[in-house]
Structures are given as C-alpha cells and as structure tokens.
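Trainee: A predicted structure for the sequence below; I have some questions about it.
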Amino acid sequence: MLDVKNLVKTFHLDGDSTSENDRKALKNVSLTIHDHDFIAVIGGNGSGKTTLLNIIAGSVKPDEGSLVLDGEDITKKPEWKRARFISRVFQDPLVGSIGDMTLEENLSLAARRGKSHGLRWYIGGEERKSYLAMLRPLGLNLENRLNQRMKSFSGGERQSITLLMASFGHPKLMLLDEHTAALDPKTAAKVMSLTATLVRENDVPTLMITHNMKDAIKYGNRLIMMKEGEIVYEAEGEKKAHLKIEDLIGLFEEVPE
Amino acid sequence: MSSQLQALLSEPLLLGLIWSIFALGVFISFRILSIADMSVEGVFPFAAVLAIWALKAGWNPFLALLLAIGAGMAAGALNGVMGRYLKINPLLAGIILMTALFSLTVVVSNGNISLEDGATTLFTPFEDLFSGISSVYWKNFCGDLLLLALVTMVLFVFVYWFFGTEIGAAIRASGKNEQLARAEGLNVHVYILLGLAISSGLVACAGALYGMRQSFATINLGKGTLIIGLATIFLGEIALPKMSFKAHLLSILIGGYLYWLIMSALELLPNYNANYRYLIQALFITLVMLVPTFKKNVVGLFRKGKEVSHA
C-alpha cells in the first residue's frame, strides 16, 4: 500500500522562486494506492499527472508532502533505490529498453532490478530457459530472438517486452506512463490487453496514466481525473464501470478553473 | 633491407598493439559510456612520464606499469566524480582534468624525462629471450611484439569478460540509457565512474608501455591522441561491420594496425613533412568518419530499393 500525502510541487522555470513563470504542477495531492488497485489516471496536458508519477518513481523531488510505502517513508529515497519496489514503463518505447543490448540482456536487467550486481557472468542457461517460458505467453514469437538487439524490434514488441520486464520480481507498484500513446491503435489495444493480463496474473498494484478515456473506463478498478495540479474526480468499482466517455468529457469541462 | 621498409614492416604492428590498448580505453568511454573523454590526452603522457620516473627511481618495471595504471584509474574516477557528482558537463570535465594533468606531467618530468641507454624496462627481458637473432633491430622487435601481444591479449580478454558480468552489463546499461538504468535500480553515478576508471586505466597502460619503449616522454605525447583512438575505433568498425561485442573488440586491433600502417606509409612519401602530422591526422579521421555516410548515400544509390541498414 502506498500512501501519498499532500504532495506539492512547483517548477521554477527561471530558476528563481519568486518568478511569475512558476508553474504549480501539483497543488495538494493525496492518494492511497491499495494492494489490489489498478488505477487509471486521466487529465489534460499540464494537469500534473506525469509529475505525480515522477514523484512516486523518485525522478522528481516534491517540495512538500510524503510517500509512505507499506509503512516505510520513501520520500527521500533516490529513484534507483526505489526501483526494488517500484517498476516503471515509459511512454517512449525507445526508453523502456536498451536498443544496443539484446532482448535477453534487457530481461536480465529487469530480473536483477534492485538486487546487487556482482562479477558473475551475466546470463546462465537456467536463466535463459526461464525467459523463454515468460516470453511464450506474449504470443509474439520472441522466443527465437533472445540474442537480437532491442533496436531491431517494433515499437509494439518493445513496449510489450518492457511491460513484461516491469512485472518481474513482484513489485509493490507498477507505474505506466501513457505507455500505449506512441503506438498505432491496433497495437495499442493489444498492449493494453497484455497490460491487463499481466496486472491480474501478477497481482501488481498499478497506476496507469492514459489519454485514452475508453481504456481508462475499461481497465482497472479505480479512475482518477486530474486538473491544474489537483485530483478533481474519483470513481471506483461499479460507479467507474458504468461511466461513459461523455460523462468524463462533461466532468472535465465542468470542473471549475 | 632498407631501414624504411624495415620500419614499415615492424612499426605498425608494435604501435598498432600499443594504440589498440589506448583505443580500447577510448572505446569504453566513447562507445560504451557515450562520453568523448578529452582527459585521455592528459592521462597518456602523465602515465608515460610516471612510468619512466618510477624506473629511474629503481622500481621494478612491472610495478612501474602498475603505478601508471593506478594513477590513470584514479584520474578516470576523478573525471567521474566531476561529471556525475559535481554535475560538470562531461566534455568540460575531461578538458579540465586534461589541463590539470599537463601540470602534473611537467612537474614529474621536469619538462622531459628519459631513461639512460640500456636501462631495464618491461621490454628488456622479452627482448633478451630472442638474443639468438643476430640483428639487434629484429631481436628487439620480436621481444617487443611478444610482450605487447601478451599484454594486449590479457587486457582484451579482461574487457570481454568484465563487460559480460553483471557489473559490466550494469555499466553498459548506465552508459546507453541512464533513465532506464535508474528505473532498473542501478546507481548510475557509481557505474559510470567505474567505467571511466577502467577506461583511463587502459589509456595509462598504453602510455606507460609507449614511454618505456621509446625511453623518453614529454608533455607533447598527449597531443592529438584522442583522435588516434577514435580513428582506430572507426577504422576497425569499417573493416569489421555489424558485429558482436567480441568482434567489436577484435576490430579495434585491426583498426590499430591499419591506422599505423597508413600513417607509416604516408611518412614514406617523398615530400612528407612532419609538421603536417596533426593536420594529416585530422583530415584522416574526418575522411574515415565520412565512410559510413558515403556508403549509405552513394553506394545506396546503386542498390536500388535495398536500404543499407545500420540497425
């Protein structure tokens, strides 16, 4: 369970704290992510949803507020130390894996997330077998391509592999940052359904930012709408399942500035 | 055999090996960490001067080599501290370090430093192995070649092994995609620092061997060396394109030999003027760097519909 309390973040675009160009990315955001939650976050550009995700991941530091993961205060933990508990899929398929490394090297990287690295030879035979078993259910015929560099894979393949990587090692939270936005609609739909399968099968608490309202309604048990650095609407369970896109658009325009 | 031909047959092999070690260091910073590390131009002469200084002070030649490598690794680590922890632009950090090392080099060498004739270096025992060869030139050549081949082999095997380990893979990941490396729990600063230390250690090893072989060293030794290292890497990549890590390393050895073969051949031209050496080096690397573009654009025209892939 992650407890996000009273996050405040202002970006000082001129490097000057009194400037008029300050952008208040988060005003006062609190959110509790429970163990079986799959939360979809929607909101326009500049609503603060990416900042929220970056603060949870640790790549951005909040000005105020705290993050408590299963009773441990992780507000000051650097990003690389949080990686032991929190995994992440980026929007850009090129960022989520390393193009110059092979598929199996990328998988190994994720399999060792948050663990210590030694002078053992990187990938052993048993490990390779376990990757084959994990790749097969993706149905992408990747099993014969373990030794190919990631840059030879398509965007959809890369994003699917990145998702698989993020599900490794029972993370306490998985962060998805518009991870289908760079894909064509058909591929995006495939990757979305893979997402749902991985979240369900591995029972990973997940926070997913999306621009796709249909996905936000279809997937997950909770929905959060952000605007101007605040959470302006929340729906859960039955209420969420019965939402319509028109409802969300209406809500989106209704919320006072 | 004319002395010119003799040199053309032997020198590119020896220089190729020494500079392959240098280029292996540059390969780690440039190709693995994606940093153009100017500090090598300071590390190389500093290591040469330091090794000769240690020999003159009566050190065992092997320890003198280790001293130089240690100093190089420390410089590389410092470069990492400046670039990562002090957030200085990596290119600038390299230039600052290079400048600082110039002074240290002058201090240790007093301008220039040389060994007395017949002084024992790391090469001596190997040259003595071939005392059966009547020509002193070829006796020394065989000894030098044996030592350099051994050192080069050990270092190349080490680099191949090391970058295949978990730590090595973590360094590769940190150099290629910092954002993901952090998200996968890697302390990127530490890994890049470690990579730079190994890179500069190799550069220093080359510097020490170079200094010992020619028995003297000055600050000028470092000038233009980064270009030599990069040209070696690029030449190798042209000779052996589309490669695995193993082949990529092997290509550095090929590149080293080709570079010095071409440079030695140029020196044989009747109007060769040594004053133009740096200009020639600069022109040469520019030409070498244009080869991939040329291949793509010009050769591509003749292979209609067949895209020249660099993927």
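Mentor: Structure's in. What do you need? Numbers count the residues shown, from 1 in each chain, chains lettered A, B, ... in the order given.
Trainee: up against chain B, what does chain A have?
Mentor: Within chain A, the positions adjacent to chain B are A:57, A:59, A:79-81, A:83-84, A:87-88, A:90, A:95-101, A:105, A:108-110, A:112-115, A:117-122, A:149, A:151-152 by C-beta under 8 Å from any C-beta of the partner chain. Just so you know, the C-beta spots here come from the backbone N, C-alpha and C atoms, and that holds for glycine as well.
Trainee: just the buried subset of the residues you listed, written out for ChimeraX, thanks.
Mentor: To isolate the buried ones among the residues of chain A next to chain B in ChimeraX, judged by 16 or more other C-beta atoms under 10 Å in any protein chain shown, type:
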select /A:57,59,79,80,81,83,87,88,90,95,96,97,98,99,100,101,105,108,109,110,112,113,114,117,122,149
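Trainee: so of the residues of chain A next to chain B, which ones are in strands?
Mentor: A:87-88 (DSSP state E).
Trainee: B:Tyr259: what's it in contact with?
Mentor: Shown in contact with B:Tyr259 (C-beta atoms under 8 Å, 6 or more residues apart in numbering or on different chains): B:16, B:19, B:228, B:231-232, B:235.
Trainee: mind checking what secondary structure the closest residue to chain A within chain B has?
Mentor: The nearest approach of chain B to chain A comes at B:Gly185, 3.3 Å away (C-beta to the nearest C-beta). Under the three-state scheme (DSSP: H, G, I helix; E, B strand; the rest coil), B:Gly185 adopts coil.
Trainee: setting aside sequence neighbours, what's the nearest residue to it?
Mentor: A:Ala83 (3.3 Å; C-beta to C-beta, 6 or more residues apart in numbering or on different chains).
Trainee: same thing with B:Ala197?
Mentor: B:Gly76 (4.0 Å).
Trainee: now do that neighbour, the pLDDT please.
Mentor: Looking at B:Gly76, its pLDDT reads 98.
Trainee: can you tell me how far the residue in the stretch 51-200 of chain A that chain B sits nearest to sits from B:Gly80?
Mentor: The nearest approach of the stretch 51-200 of chain A to chain B comes at A:Ala83, 3.3 Å away (C-beta to the nearest C-beta). Distance of A:Ala83 to B:Gly80, given as C-beta to C-beta, to the nearest Å: 21 Å.
Trainee: again, but for B:Phe284
Mentor: Applying C-beta to C-beta, the value for B:Phe284 to B:Gly80 is 31 Å.
Trainee: same check on B:Pro292?
Mentor: For B:Pro292, the distance to B:Gly80 equals 30 Å [C-beta to C-beta].
Trainee: compare the two (neighbour count), which wins?
Mentor: Shown here are B:Pro292 and B:Gly80; by other C-beta atoms under 10 Å in any protein chain shown, B:Gly80 has more neighbours (26 against 15).
Trainee: any idea of the pLDDT on the closest residue in space to that one that isn't next to it in sequence?
Mentor: Closest residue in space to B:Gly80, ignoring its immediate chain neighbours: B:Leu193 at 3.1 Å, by C-beta to C-beta, 6+ apart. Turning to B:Leu193, the model gives it a pLDDT of 98.
Trainee: what does chain B have sitting close to chain A?
Mentor: Residues of chain B lying near chain A by C-beta under 8 Å from any C-beta: B:162, B:164-170, B:172-173, B:176-177, B:179-188, B:311.
Trainee: report the buried members of these.
Mentor: B:162, B:164-170, B:172-173, B:176-177, B:180-188.
Trainee: so which of those belong to helices?
Mentor: B:162, B:166-170, B:172-173, B:176, B:180-183, B:188 (DSSP state H).
Trainee: switch the residues you listed over to TSV; also include distance to B:Met153.
Mentor: Listed next are those as TSV, based on distance: C-beta to C-beta, whole Å:
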residue	distance to B:Met153
B:Phe162	15
B:Glu166	24
B:Ile167	22
B:Gly168	19
B:Ala169	23
B:Ala170	26
B:Arg172	22
B:Ala173	27
B:Lys176	27
B:Leu180	34
B:Ala181	31
B:Arg182	36
B:Ala183	38
B:Val188	31
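Trainee: which pair in those residues spans the largest distance?
Mentor: Spatial extent of these (C-beta to C-beta) is set by the pair B:Phe162 and B:Ala183 at 24.0 Å.
Trainee: give me the low-pLDDT residue ranges for the stretch 1-150 of chain B?
Mentor: Low-confidence segments of the stretch 1-150 of chain B (pLDDT under 70): B:1.
Trainee: and the helices in it, which stretches?
Mentor: All helices of the stretch 1-150 of chain B, identified by DSSP state H, counting those that start in this stretch, fall at B:3-27, B:40-56, B:61-80, B:90-109, B:124-128, B:136-162.
Trainee: ok, the one helix or strand A:Ile231 maps to: who's next to it in the sheet?
Mentor: Using DSSP states H and E, A:Ile231 falls within strand A:230-236. Sheet pairing here is set by DSSP bridges, and for strand A:230-236 it gives strand A:222-227 (antiparallel).
Trainee: could I have the CA atoms of the strand it pairs with written out in CSV?
Mentor: C-alpha atoms of strand A:222-227 as CSV (Å, rounded to 0.1, in the frame of the first residue of the first chain):
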residue,chain,number,x,y,z
ARG,A,222,-10.4,3.0,-10.0
LEU,A,223,-10.3,6.1,-12.1
ILE,A,224,-8.8,9.5,-11.1
MET,A,225,-9.1,12.7,-13.0
MET,A,226,-6.6,15.5,-12.6
LYS,A,227,-6.7,19.1,-13.5
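Trainee: and it, what's buried?
Mentor: By 16+ other C-beta under 10 Å, the buried positions in strand A:222-227 come out as A:222-227.
Trainee: repeat that for stretch A:235-248.
Mentor: Buried residues in stretch A:235-248 (16+ other C-beta under 10 Å): A:235, A:240, A:243, A:248.
Trainee: hmm, the last one is touching A:Ile42, no?
Mentor: Translated: A:Leu248. Yes - the criterion here is C-beta atoms under 8 Å, and A:Leu248 meets it with A:Ile42 at 7.0 Å.
Trainee: shared neighbours, those two?
Mentor: Common neighbours of A:Leu248 and A:Ile42 (C-beta under 8 Å, 6+ apart) are A:213, A:216, A:225.
Trainee: ok, of those residues, which one's closest to chain B?
Mentor: A:Ala216 (23.5 Å).
Trainee: give the contact list for the closest residue to that closest one other than its chain neighbours.
Mentor: Nearest non-adjacent residue to A:Ala216, counting by C-beta to C-beta, 6+ apart: A:Ala40, 3.9 Å away. A:Ala40 is in contact with A:208-210, A:215-217, A:219-220, A:222-224, counting by C-beta under 8 Å, 6+ apart.
Trainee: burial of residue 156, as a residue count?
Mentor: No chain was given, so I picked chain A. 20.
Trainee: you answered for a different chain; I wanted chain B.
Mentor: Burial of B:Phe156, expressed as a neighbour count using other C-beta under 10 Å, amounts to 19.
Trainee: show me the contacts for it.
Mentor: B:20, B:24, B:249, B:252-253.
Trainee: per-residue pLDDT, it?
Mentor: The pLDDT attached to B:Phe156 in the predicted structure is 98.
Trainee: how near is it to A:Leu176?
Mentor: B:Phe156 sits 42 Å away from A:Leu176, going by C-beta to C-beta.
Trainee: scan the helices and strands of chain A for the one with the lowest mean pLDDT.
Mentor: For chain A, counting by mean pLDDT, DSSP states H and E, helix A:245-254 ranks last in confidence among helices and strands (a mean of 81).
Trainee: good, wrapping up.
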